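In: With the sequence up front, the predicted model follows.
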Amino acid sequence: MNERIAILIGDITRQHVDAIVNAANSSLLGGGGVDGAIHRAAGPELLEECRRIGGCPTGETRLTRGYRLPATWVIHTVGPVWRGGQHGEDELLASCYRNSLALAVQHGIRTIAFPAISTGVYGFPMAPAAHIAVREVNDFLEHDPSIERVVFVCYSQEAYKAYEAELNKPE
Ligand code: AR6
């Protein structure tokens, strides 16, 4: 297991990292799940900044401040809605991880926490989502020395087990 990667069970809004990633929707105007939790914890200034940005296409990312969160920054990314797996879902989910990490590097962010993007309301199955998340982060870290720590914040035992299985796979 890469020593720059960690997994834990918990609430991403409580993480003391440079940036947390939000599993947003393309309006960036908030919603349920982790998005709702992040907006509640950050306070109304986050929604104001998101309004000014004006939206984000699926697979892309946008950066805002973290306001009342312990994290300095929020990287908003829009995961794909699961439509059976034959509609580019895997590649779009991979783009969320790659683009989030690239944006982090551009802004000097060294520690970053990810939720399991798309695995809630958007219906992406947990095991393949964890596989893509771990593969993309491993590949990125291999070529980038500036990110010090990536934390996968799992909200359930099921998620934790899926990430643990991926992280313990032999290279
Ligand atoms: N900390 C960490 N993980 C969490 C938290 C939390 N506080 N809360 C939920 N999760 P979801 P999506 C997990 O539905 O599938 C929103 O309405 C959750 O268990 O938040 O990408 C947006 O506005 C699941 O494993 O995001 C969009 O409309 C994972 O986070 C839509 O949902 C993602 O679940 C995006 O759907």
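Out: Ah, there it is. Residues are numbered from 1 along each chain as shown.

In: residue ranges of the strands in this protein, please?
Out: 5-9, 19-24, 61-65, 73-78, 111-114, 149-154 (DSSP state E).

In: Let me have these in JSON lines, extended by mean pLDDT and mean neighbour count.
Out: To be clear about C-beta, it is placed using only N, CA and C from the backbone, and glycine gets the same treatment. Shown next, in JSON lines, are those (pLDDT from 0 to 100; neighbours: other CB atoms under 10 Å):
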{"stretch": "strand 5-9", "mean pLDDT": "98", "mean neighbour count": "15"}
{"stretch": "strand 19-24", "mean pLDDT": "99", "mean neighbour count": "28"}
{"stretch": "strand 61-65", "mean pLDDT": "98", "mean neighbour count": "19"}
{"stretch": "strand 73-78", "mean pLDDT": "98", "mean neighbour count": "25"}
{"stretch": "strand 111-114", "mean pLDDT": "98", "mean neighbour count": "24"}
{"stretch": "strand 149-154", "mean pLDDT": "98", "mean neighbour count": "22"}
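
In: and the closest residue to Gln15 other than its chain neighbours, what does it touch?
Out: Distance criterion CB to CB, 6 or more residues apart in numbering; nearest residue to Gln15, sequence neighbours excluded, is Ala113 at 4.4 Å. Counting by CB atoms under 8 Å, 6 or more residues apart in numbering, Ala113 makes contact with Ile12, Gln15, Val17, Ala19, Ile20, Val21, Ala71, Val150, Val151, Phe152, Val153.

In: re earlier: now tabulate the strands of the chain in TSV and tack on distance to the ligand.
Out: Shown next, in TSV, are those (distance: least, CB to the nearest ligand atom, whole Å):
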stretch	distance to the ligand
strand 5-9	9
strand 19-24	3
strand 61-65	13
strand 73-78	8
strand 111-114	8
strand 149-154	5
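
In: Any part of stretch 83-97 near the ligand?
Out: No: counting by CB under 6 Å from any ligand atom, the ligand is not contacted by stretch 83-97; separation bottoms out at 8.9 Å.

In: Do me a favour and get the end-to-end distance for that stretch?
Out: One end of stretch 83-97 to the other measures 19 Å (CA to CA, to the nearest Å).
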